[in-house]
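Peer 1: What shape does this take:
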Amino acid sequence: MLAPPPKGGKRGTMISRILNLFKGHPPDPLPEADARLALGALMVRFAKSAEDAETAAAGGIDTLLARMCALGPADAAKMRATCEKIEAEAPSTRKFALLIRETVSFEARIEALEALWHVMLAGGRPGDADQALIAQIREALGLSRADSDAAQQRAAPL
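Peer 2: So this is what the prediction gives:
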């Protein structure tokens, strides 16, 4: 499970640190709170581009963030709003996923892929465009088809 968000005024600093990643490739891994926001932003990006985005995003991301980060509903909604701001500033999906690959642990990337499968399956049967997008993200995250298949099996519609 990813760490809960820090309390206090650190949110602006985290957003700035994540957005600064898009300007260059830092050698150091992201702190866990920043990684959590970056992964949430990737979920937002995926939900926006899913064939049935309205269904996939309708509370599903909040539920996933609450589960992954041990948050209550209000804090999960606030976190999603922050992730939406990050997503709006993020580069292409492939570049964004590559950045995440370089800055978060293997376990966090697996957890992110499973969350993307949750979002996709929430909209019903995935279409070809959805499958192609998740394959692109999987490859950019440095994960295998076997990793994706296992994540899909663990993911259940919300």
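
Peer 1: Please pull out the lowest mean pLDDT helix or strand from this protein.
Peer 2: None of the helices or strands of the chain scores lower by mean pLDDT, DSSP states H and E than helix 53-57, at a mean of 50.

Peer 1: residues contacting residue 113?
Peer 2: 134, 137, 138, 141, 143, 147, 148, 151 (C-beta atoms under 8 Å, 6 or more residues apart in numbering). Backbone N, C-alpha and C define where each C-beta goes, glycine included.

Peer 1: ranges for the strands of this structure?
Peer 2: Assigned by DSSP state E, the chain shows no strands.

Peer 1: leaving aside the residues next to it on the chain, what's closest to the residue nearest the centre of it?
Peer 2: Central residue of the chain (C-alpha atoms, centre = their mean): residue 39, 3.0 Å from the mean position. Across the structure, with C-beta to C-beta, 6 or more residues apart in numbering as the measure, the residue nearest residue 39 apart from its sequence neighbours is residue 112 (4.4 Å).

Peer 1: number of nearby residues for the one you found?
Peer 2: Other residues near residue 112 come to 29 when the count uses other C-beta atoms under 10 Å.

Peer 1: The one 3 residues further on now?
Peer 2: Residues contacting residue 115 under the criterion other C-beta under 10 Å number 23.

Peer 1: Return the distance of it relative to residue 134.
Peer 2: In this structure, residue 115 and residue 134 are separated by 11 Å, where distance is defined by C-beta to C-beta, to the nearest Å.

Peer 1: Which pLDDT value belongs to the spatially closest residue to residue 126 that is not a sequence neighbour?
Peer 2: For residue 126, the nearest residue in space outside its immediate sequence neighbours is residue 120; the separation is 5.0 Å by C-beta to C-beta, 6+ apart. According to the predicted model, the pLDDT of residue 120 comes to 79.

Peer 1: go on, the one 3 residues further on?
Peer 2: Note on residue 123: pLDDT of 67.

Peer 1: Give me the nearest residue to residue 62, chain neighbours excluded.
Peer 2: Nearest residue to residue 62, sequence neighbours excluded (C-beta to C-beta, 6+ apart): residue 76, at 4.4 Å.

Peer 1: Can you report how many residues lie near residue 48?
Peer 2: Using other C-beta under 10 Å, residue 48 has 14 other residues around it.

Peer 1: wait, isn't it in contact with residue 84?
Peer 2: No - the pair formed by residue 48 and residue 84 falls short of the contact definition of C-beta atoms under 8 Å, at 9.0 Å.
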